[in-house]
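Undergrad: Next input, structure requested:
(one chain, ligands or ions: 1)
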Amino acid sequence: MPTPVSNSSPPWRAGTGFDSHAFAPGIPLRLGGVTIAHTHGLAGHSDGDVLLHAVCDAILGALALGDIGALFPPGDAQWRNADSRVFVRRAYELMREAGWSVGNLDATLILEQPRLGPCRDSIRASLADLLSTGIEAISIKAKTPEGLNWPGTAVAQVTVLLYR
Ligand SMILES: [Zn+2]
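TA: This next block holds a predicted model:
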């Protein structure tokens with residue numbers, strides 16, 4: 001007997017996330033849930049963690065559940081200075097409730113400073129912990145914004161693959 005053809009959707013879904021924040025002096029720099037020593041941090045209503053915001057949007061995008069702004073309205077006072085891990089944990093919960101797991105995640109951070117090499121594995125470990133994956137499932141690439149005239153901005157771009 002041939003295996004019956006399933007009408008259900010395939011057992012994987014991909015999502016992408018994008019975010020940007022401006023650097024501002026005198027606030028902590030948070031990237032991927034890790035605090036990084038630097039003269040400037042990222043301004044925003046929450047802790048400005050540009051990478052976690054893009055991770056959140058990638059997961060929500062894979063699930064076609066909208067974006068981080070719909071789940072956590074930026075005008076809501078309760079998210080002021082919030083630890084952005086809260087946002088990723090909520091997106092992760094929604095993902096698990098729908099029966100999905102993270103296969104792998106690939107991120108590109110675009111920023112002039114600081115150099116991320118020394119903290120790359122800390123960021124990978126932080127994301128692996130948040131998403132219940134092994135560290136080998138998490139890729140963090142850092143680029144400088146050559147030719148983009150973005151000296152005061154950090155950009156994160158994330159792709160995630162979910163599987164059942
Ligand atoms: Zn953001």
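
Undergrad: Any chance you could give me stretch 57-73 in CSV, C-alpha atoms only?
TA: The C-alpha coordinates for stretch 57-73 follow below in CSV (Å, rounded to 0.1, in the frame of the first residue of the first chain):
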residue,chain,number,x,y,z
ASP,A,57,9.9,38.7,14.5
ALA,A,58,11.5,35.7,12.7
ILE,A,59,9.7,33.2,14.9
LEU,A,60,6.4,35.1,14.7
GLY,A,61,6.9,35.4,10.9
ALA,A,62,7.4,31.7,10.6
LEU,A,63,4.1,31.2,12.4
ALA,A,64,2.4,34.0,10.4
LEU,A,65,1.4,35.5,13.8
GLY,A,66,2.3,39.1,12.9
ASP,A,67,5.2,40.9,14.6
ILE,A,68,6.6,42.0,17.9
GLY,A,69,4.8,45.3,17.8
ALA,A,70,1.4,43.6,17.7
LEU,A,71,2.2,41.3,20.6
PHE,A,72,4.0,44.0,22.7
PRO,A,73,2.7,47.4,21.7
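
Undergrad: what separates Ser9 from Tyr163, distance-wise?
TA: In this view, Ser9 and Tyr163 are 12 Å apart by C-beta to C-beta, to the nearest Å. The C-beta positions use only the backbone N, C-alpha and C, and glycine is treated the same way.

Undergrad: the more surrounded of the two?
TA: Higher neighbour count among Ser9 and Tyr163: Tyr163, with 13 against 8, using other C-beta atoms under 10 Å.

Undergrad: Report the buried residues of stretch 141-151.
TA: The neighbour-count check on stretch 141-151 (16 or more other C-beta atoms under 10 Å) flags 142, 150 as buried.
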